[in-house]
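Peer 1: predicted model follows, preceded by the sequence.
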Amino acid sequence: MVGYTGVVPPNKKLNFTIHKWSSYSGEYHPNKILSDNPFEQQSRWQSGSNFPPQFIILKLEKPAVVRTITFGKFHKTHVCNLRCFKVYGGMHDEGMIELCEKGLKNDSKPETFELQDKFHGSYFPSQYIKIVPVATWGPTAFNYSIWYVALGGIDDSNFVNPCMQFFEQCREERTIKLCLKHLRQHNYSEAFQSLQKRSKVQLEHPMLSQLHHLLVECGDYDAVEHLVDSAFNQGYMEEYTSRQYTATWEQVNLADTSSRPGTRGGHPMCIDEAAGLVYLFGGWDGKQDLADFWEFSSESNKWRMISQDTELNNGPCRRSCHKMVLDSTHKLIYVLGRYLESRAREHLVLKSDFYCYDIQCEEWSLLSSDTASEGGPELIYDHQMVLDSDAQCIYIFGGKVLSNRKDSETYSGLYRYHIPSNTWTQLKNGNDPMLRSRIGHSMLYHGGRKQLFVFAGQRETFLDDFLVCDVEVGSVDNVPCNNEDPVPESGYTMRATIDTKLEEIHMLSGLSKDHRNKNEVDARTTIWVYSLKWNKWSRVQKVKSEEPCPRFAHMLVYDSVNKIHYMFGGNPGTSTSGTDNMNRLDDFWRLRIERPANLDMKRRLRYLVRQYKFKDMSMVDPVGALIFLQNHVEPVVNHSSDAEEEEFQCLIKGVFHADRIKMDPFAIRTWLFDDLMVYFPDHMAQPRENLTDFVPPI
């Protein structure tokens, strides 16, 4: 099945009417959102209550692929503006799919948001759009207001009709598969075979149908174990196993604690992987900017102070919120940007200096006293900088431009610096709608793909977009993610690294903000991995060990050779109300993100199959089951795992429990089959949902 395959028509403004609403107050009828009158106080919908769920449902003039939603606002800030909202779409006014969750700024400027317009690789048609307010900018007692709404998308029937046909076919096939799964789970074999024969719909991959036959119908556990092992060897479980990450933190045990960097945040670090050296320069210690320059050797576990004050060595002056990158081929470090408090820049001529440090000669050189005069960025801070060592280019994106004016809110764009020719090129300005400039974001470079990856950050509000920019053609796209999978929260000063060999992006959280409560801003120590191969985020499970406290304004670098991250310092992460503005950290950590080895994953699968065989045997032959437990289950248990050891002990106790319930072997085998399906990708397995999930409780 495929949807539309031709040229995608351009967006247009879509016509709609108000279909349904939850409530409204007085004269603030939902129809008011059809007119954009920002200077009229009454020209808005206001809910009659703030008790959820409150909503408005819009009915399109004809089915369309809705790609954008625009919100108009009052001509000044208003407590009833939506700080957080959700948008849903579908062909019917029930059972719609979430298309976005966003928030409006509390200002007078209209805002446009892109909606999720593709599912299963095809454009998604809608006849109805549902807007659900979640939180306002005022106290929780305020009702919700929407002043104006416009929708943009495509309603050309030549485009929309194939999309509708595709999704109707998908719905029909999905419905039949849910029925087939239900019939098979409850052993209605004749009905199952009849429906499958009549519909010609295959519930799953033939290999999994064979697995079900051997396990559930025949109870041949030995054949099941052999088939599962064969499936693993053929790579059918690669998607699952490649995303089973664990994280282990370890505080670096320094060989010499008398010489080490002090407390700080807003400092950059870079790493020379081949030499096993980490470099750290400057930062803010809570009272002043720093200019000390350090080198850490992973071999000796020692810090070495290269310079106490780089300015005295013809290098950059004290600074924080700057960035640096390392060219390991030529052993050069490049430094750009800094932050100055408003009172310090009132009477200064602000220029953006650009420095290079030669590691082998231990010498600084000034590449430019003012990059802006040479076509580069103005003086910026909280930007990001990455190096393309093959092309000898540096990419700088985002950051705020420092100005002598206190009210300045200018963001820098995307620049490229060509090292051999010492020339700058601006690739995108700071207001590019496809690549919105920002601060506190993450940016990574994939040399093999010639792509920049940009994630999160802040521009008036916390951002949650994940973008990829092709540096050769200049295109910007959203990185593909499955809407049903968990993703990192939007945040600020999140730190990210990339492993181009493993095709993975690692993300360590910083400040995260709750859309629903504007007063909650907290740092969290969560780790995520994005697979460029599978286009999925995975939250990393932590191994029980010591770990660093939550923080922001810290720095993280990655040794892709030895698969080790290094993290230093930052600001301790607490809620806004309890933050000590003077407090900074000086702890230094190693982080290892690991996946289970293939042999261990195979062992887990054997353990899973054998423990169910034991349960099956214990229903008819408890003594034989205990012998099997001792000879075949116990050898594949990981006794160093508390969870597995506890589970194993429960198996033993269960045999002799006085209240032991006799279970149907068919049910036991069906449970094992369902457990095994977790290891196979969605396109091979039966639906994850059950038919009964869609039936309301009586």
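Peer 2: Right, received. Where do you want to start?
Peer 1: which helix is the longest one in the protein?
Peer 2: The single longest helix within the chain, with elements called by DSSP state H, is helix 157-185.
Peer 1: which residues touch the very next helix or strand once past it?
Peer 2: Sequence-wise, the next helix or strand downstream of helix 157-185 (DSSP states H and E) is helix 189-199. With contacts defined as CB atoms under 8 Å, 6 or more residues apart in numbering, helix 189-199 is touched by 176, 179-180, 183-184, 202-203. Bear in mind the C-beta positions are built from the backbone N, C-alpha and C, glycine included.
Peer 1: which strands and helices sit next to the longest helix of the chain?
Peer 2: On a contact count with 3 or more CB pairs under 8 Å, 6 or more residues apart in numbering; DSSP states H and E, helix 157-185 meets strand 56-72, strand 122-123, helix 189-199.
Peer 1: one more time with 10 Å
Peer 2: Judged by 3 or more CB pairs under 10 Å, 6 or more residues apart in numbering; DSSP states H and E, helix 157-185 is in contact with strand 56-72, strand 118-119, strand 122-123, strand 126-136, strand 148-154, helix 189-199, helix 665-677.
Peer 1: and what about the residue of the chain most remote from its centre, helix, strand or coil?
Peer 2: Going by CA atoms, centre = their mean, the residue of the chain most distant from its centre is Val623, 50.2 Å out. Per DSSP: H, G, I helix; E, B strand; the rest coil, the secondary structure class of Val623 is helix.
Peer 1: and it, how far from Tyr415?
Peer 2: Separation of Val623 from Tyr415 (CB to CB, to the nearest Å) stands at 76 Å.
Peer 1: now do Met617
Peer 2: 68 Å.
Peer 1: same thing with Lys323?
Peer 2: Plainly put, Lys323 is 12 Å away from Tyr415 if you go by CB to CB.
Peer 1: shared neighbours, those two?
Peer 2: Here Lys323 and Tyr415 have 336, 380, 383, 385, 394, 396 as joint contacts, going by CB atoms under 10 Å, 6 or more residues apart in numbering.
Peer 1: most surrounded residue in the residues you listed?
Peer 2: Most neighbours among the shared contacts of Lys323 and Tyr415, by other CB atoms under 10 Å: Ile380, with 30 neighbours.
Peer 1: tally of neighbours for the residue nearest to it when sequence neighbours are not counted?
Peer 2: Leaving aside its chain neighbours, Ile380 sits nearest to Gly399 (3.6 Å; criterion: CB to CB, 6 or more residues apart in numbering). Neighbour count for Gly399, taken as other CB under 10 Å: 32.
Peer 1: any idea how far Gly399 lies from Pro377?
Peer 2: Using CB to CB, we find Gly399 at a distance of 7 Å from Pro377.
Peer 1: between those two, which contacts overlap?
Peer 2: Residues touching both Gly399 and Pro377 (CB under 10 Å, 6+ apart): 336-337, 383, 412-413, 430.
Peer 1: need the shared contacts of Lys323 and Tyr415 in CSV (columns: distance to Met494 and pLDDT).
Peer 2: Output for the shared contacts of Lys323 and Tyr415, formatted as CSV (distance: CB to CB, whole Å; pLDDT from 0 to 100):
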residue, distance to Met494, pLDDT
Leu336, 21, 98
Ile380, 19, 96
His383, 15, 97
Met385, 16, 98
Ile394, 22, 98
Ile396, 18, 98
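Peer 1: just checking, Met507 touches Thr497?
Peer 2: Yes: the criterion here is CB atoms under 10 Å, and Met507 meets it with Thr497 at 8.3 Å.
Peer 1: ok, the two, which is more surrounded?
Peer 2: Met507 (24 against 20).
Peer 1: now do the SS call for that one.
Peer 2: Secondary structure state of Met507, per three-state DSSP, is strand.
Peer 1: pull the contacting residues for it.
Peer 2: With CB under 10 Å, 6+ apart, Met507 has these contacts: 442, 444, 455-456, 466, 488, 491, 494-497, 526-530, 537, 540, 556.
Peer 1: now do 8 Å
Peer 2: Residues in contact with Met507 (CB under 8 Å, 6+ apart) are 442, 455, 488, 494-496, 527-530.
Peer 1: quick check, nearest of the shared contacts of Gly399 and Pro377 to Pro53?
Peer 2: Relative to Pro53, the closest of those is Gly430; by CB to CB it sits at 38.2 Å.
Peer 1: I'd guessed that closest one sits against Ile439; true?
Peer 2: No: Gly430 is beyond contact range of Ile439, at 11.0 Å (criterion: CB atoms under 8 Å).
Peer 1: excluding covalently adjacent residues, which one is nearest to Asn31?
Peer 2: Per CB to CB, 6+ apart, closest to Asn31 is Ile18, 5.4 Å.
Peer 1: and if you look at Ser403?
Peer 2: Spatial nearest neighbour of Ser403, excluding adjacent residues (CB to CB, 6+ apart): Thr410 at 6.7 Å.
Peer 1: measure that neighbour to Ser442 for me?
Peer 2: The gap separating Thr410 from Ser442 is 21 Å, by CB to CB.
Peer 1: more neighbours: which of these two?
Peer 2: Ranked by neighbour count (other CB under 10 Å), Thr410 and Ser442 place Ser442 first, with 23 against 15.
Peer 1: hang on, isn't the more buried one packed against Asp382?
Peer 2: No: assessed by CB under 8 Å, Ser442 is found out of contact with Asp382, at 11.7 Å.
Peer 1: next, count neighbours for the nearest residue to Asp682 once chain neighbours are set aside.
Peer 2: Nearest non-adjacent residue to Asp682, counting by CB to CB, 6+ apart: Arg688, 7.2 Å away. By other CB under 10 Å, the residues close to Arg688 number 12.
Peer 1: what's the answer for Ser342, then?
Peer 2: Counted with other CB under 10 Å, the neighbours of Ser342 add up to 12.
Peer 1: next: Ile18.
Peer 2: The burial count for Ile18: 17, using other CB under 10 Å.
Peer 1: for His212, same thing?
Peer 2: Counted with other CB under 10 Å, His212 comes out at 21.
Peer 1: ramachandran angles for it?
Peer 2: Dihedral angles of His212 (phi, psi; degrees, to the nearest 10) stand at phi -60, psi -40.
Peer 1: please name the nearest non-neighbouring residue to it.
Peer 2: Phe673 (5.7 Å).
Peer 1: phi and psi next, for the residue nearest to Ser403.
Peer 2: phi -100, psi 130.
Peer 1: same check, this time on Pro687
Peer 2: Per-residue torsions, Pro687: phi -60, psi 140 (degrees, to the nearest 10).
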